[in-house]
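In: Pasted the sequence and its predicted model underneath.
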Number of protein chains: 2
Amino acid sequence: MCNAFNKKFIDEAAKKYEVQPEVSKACSDSDYMELAIEEAIKGMEKNEGGPFGCVIIKDGKVLGRGNNRVTSSNDPTAHAEIVAIREACANLNDFQLTGCVLYTSCEPCPMCLGAIYWARPDRVFYGCDKNDAARAGFDDHFIYEQLDAPIQDRKIPFVQIIPEKAIKSFQLWEEKENKIKY
Amino acid sequence: MCNAFNKKFIDEAAKKYEVQPEVSKACSDSDYMELAIEEAIKGMEKNEGGPFGCVIIKDGKVLGRGNNRVTSSNDPTAHAEIVAIREACANLNDFQLTGCVLYTSCEPCPMCLGAIYWARPDRVFYGCDKNDAARAGFDDHFIYEQLDAPIQDRKIPFVQIIPEKAIKSFQLWEEKENKIKY
């Protein structure tokens, strides 16, 4: 794997000295995917959560890393992609990942897919697919099904109440002059 | 609104003294939804993000609150529901919201819907629906469409690479003895 050792070393050093890591542009997509797989395995071995990892790269720099931390951090949203997106955005001081490429060790679940569309990286590479995930006991199929189900047929009941009061927030937003769109 | 003033007061006090707020069980779903709407409006007025709010209740206690903080925190995942889920789970020391009810000022986007299914509250109440959101400029329709699109037709390109290496993380997971399932 092209300069993986150097990359890792520079990366660790960068973390220590709080500067952005520089990674050679000569590294390939496969090399970055190997970093994502490493994150998955390291996280699982440290008992932080499931076997999922993610890295986000811009101009040859590792801007964000993540591994699944659901069970160790008691945060059901701490999937590898969400953790990496939050870190990369913090490093960029931006809520958009324009110009970034996201490498995830497994095809994203619906939550992470939604997060990816909100963050808008240029491109996504994934390793395992959702069938591999299902065979390992991580079946997102149910959630995909529920997203498509009419709201009255969902397994978690969804009930609309007082929309006439809730709409006030949107009315105020429409009138607001200094709003930042996203 | 039933004892809203007391609730707010107790809530603020609780925050100050770092104890869990107690809220009378006599409060209705509409009252809790009004709290979610309040979070939406307060957050927008403080320029933290879009006009969305959420509260999570268990046994009459407010366990989590959230408002959209995407633009102020440079976190595209900081939707009201995600913020509230993370807070409620931290308060419960659990990655599941069993026995909880989630009140959100607007029908959740695909990312938040995914997060809700991972967190598994008993029930969800929402105020505005996705058509109201679209009219106010928040159109999740595109993301729903993309979730259903075949992977090769997505607007953000998704490409599978080195699955034969990525699968190692799942093989190690299957062999792992002390894993915590979620």
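Out: Structure received. Numbering: from 1, shown residues only, chains lettered A, B, ... in the order given.
In: got the contact list for residue A:141?
Out: Taking CB atoms under 8 Å, 6 or more residues apart in numbering or on different chains, we find residue A:141 in contact with A:130, A:134. Just so you know, the C-beta spots here come from the backbone N, C-alpha and C atoms, and that holds for glycine as well.
In: what's the distance between it and residue A:116?
Out: Separation of residue A:141 from residue A:116 (CB to CB, to the nearest Å) stands at 19 Å.
In: Now the residue in chain A sticking out farthest from the centre. Its backbone dihedrals?
Out: Note on chain A: the largest C-alpha distance from the chain mean falls to residue A:164, namely 34.9 Å (CA atoms, centre = their mean). Backbone torsions of residue A:164, given as degrees, to the nearest 10, read phi -70, psi -20.
In: neighbours around the nearest residue to residue A:109 once chain neighbours are set aside, how many?
Out: Distances taken as CB to CB, 6 or more residues apart in numbering or on different chains put residue A:140 closest to residue A:109, at 4.4 Å, once the chain neighbours are dropped. Per other CB atoms under 10 Å in any protein chain shown, the neighbour tally for residue A:140 reads 21.
In: Now do the same contact list for residue A:76.
Out: Counting by CB under 8 Å, 6+ apart, residue A:76 touches A:70, B:85, B:89, B:95, B:96, B:97, B:115, B:118, B:119, B:120, B:182.
In: Please work out the average pLDDT along the lengthiest helix in chain A.
Out: In chain A, ranked by residue count with DSSP state H as the criterion, the top helix is helix A:29-45. Averaged across helix A:29-45, pLDDT comes to 97.
In: Tell me where chain A has helices.
Out: Under DSSP H, chain A gives helices at A:4-17, A:29-45, A:70-73, A:80-92, A:110-119, A:130-135, A:141-148, A:163-175.
In: if we can go back for a sec, next, the buried residues of the longest helix of chain A.
Out: Neighbour counts over helix A:29-45 (16 or more other CB atoms under 10 Å in any protein chain shown) mark A:31-41, A:43-44 as buried.
In: Which of those sits closest to chain B?
Out: Of all those, chain B sits closest to residue A:40, with 4.1 Å by CB to the nearest CB.
In: Tell me who's in contact with the closest one.
Out: A:51, A:52, A:53, A:67, A:68, A:80, A:105, A:106, B:166, B:169.
In: If you drop the residues flanking it in sequence, what lies closest to it?
Out: residue A:53 (3.2 Å).
In: just residue A:126 next, same as before
Out: Leaving aside its sequence neighbours, residue A:126 sits nearest to residue A:107 (CB to CB, 6+ apart; 4.7 Å).
In: where does chain A have low pLDDT?
Out: Scanning chain A for pLDDT under 70 picks out A:1-26.
In: need the contact list for the residue sitting nearest the centre point of chain A.
Out: In chain A, the residue lying closest to the centroid (CA atoms, centre = their mean) is residue A:81, at 1.9 Å. By CB under 8 Å, 6+ apart, residue A:81 lies in contact with A:52, A:54, A:66, A:102, A:104, A:108, A:112, A:115, A:116.
In: same thing with residue A:142?
Out: Going by CB under 8 Å, 6+ apart, residue A:142 touches residue B:117.
In: For it, give its distance to residue B:81.
Out: From residue A:142 to residue B:81 the distance is 19 Å (CB to CB).
In: can you tell me the distance between the two ends of stretch A:109-129?
Out: 10 Å (CA to CA, to the nearest Å).
In: Equivalent analysis for stretch A:91-104, please.
Out: Span of stretch A:91-104 from end to end, CA to CA: 19 Å.
In: and it, which residues are buried?
Out: Applying 16+ other CB under 10 Å to stretch A:91-104 flags A:91, A:92, A:95, A:96, A:97, A:100, A:101, A:102, A:103, A:104 as buried.
In: contacts for it?
Out: The contact list for stretch A:91-104 (CB under 8 Å, 6+ apart) reads A:20, A:29, A:32-33, A:35-36, A:52-59, A:63-64, A:80-81, A:84-85, A:88-89, A:112, A:116, A:119-127, A:182, B:70-71, B:74-76.
In: tell me the angle of the longest helix of chain A relative to helix B:163-175?
Out: 0 degrees (axes from the mean of the first three to the mean of the last three CA atoms, to 10 degrees).
In: Return helix A:29-45 as PDB; C-alpha atoms alone will do.
Out: Presented in PDB, the C-alpha positions along helix A:29-45 are these (Å, rounded to 0.1, in the frame of the first residue of the first chain):
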ATOM      1  CA  ASP A  29      -8.700   5.200  -3.800                       C
ATOM      2  CA  SER A  30      -7.800   1.700  -2.700                       C
ATOM      3  CA  ASP A  31      -5.300   3.000  -0.300                       C
ATOM      4  CA  TYR A  32      -7.800   5.400   1.300                       C
ATOM      5  CA  MET A  33     -10.300   2.500   1.400                       C
ATOM      6  CA  GLU A  34      -7.700   0.500   3.300                       C
ATOM      7  CA  LEU A  35      -7.600   3.300   5.900                       C
ATOM      8  CA  ALA A  36     -11.300   3.100   6.300                       C
ATOM      9  CA  ILE A  37     -11.100  -0.700   6.700                       C
ATOM     10  CA  GLU A  38      -8.300  -0.100   9.300                       C
ATOM     11  CA  GLU A  39     -10.600   2.300  11.200                       C
ATOM     12  CA  ALA A  40     -13.400  -0.400  11.200                       C
ATOM     13  CA  ILE A  41     -11.100  -3.100  12.500                       C
ATOM     14  CA  LYS A  42      -9.400  -0.900  15.100                       C
ATOM     15  CA  GLY A  43     -12.700   0.400  16.500                       C
ATOM     16  CA  MET A  44     -14.200  -3.100  16.700                       C
ATOM     17  CA  GLU A  45     -11.100  -4.400  18.500                       C
END
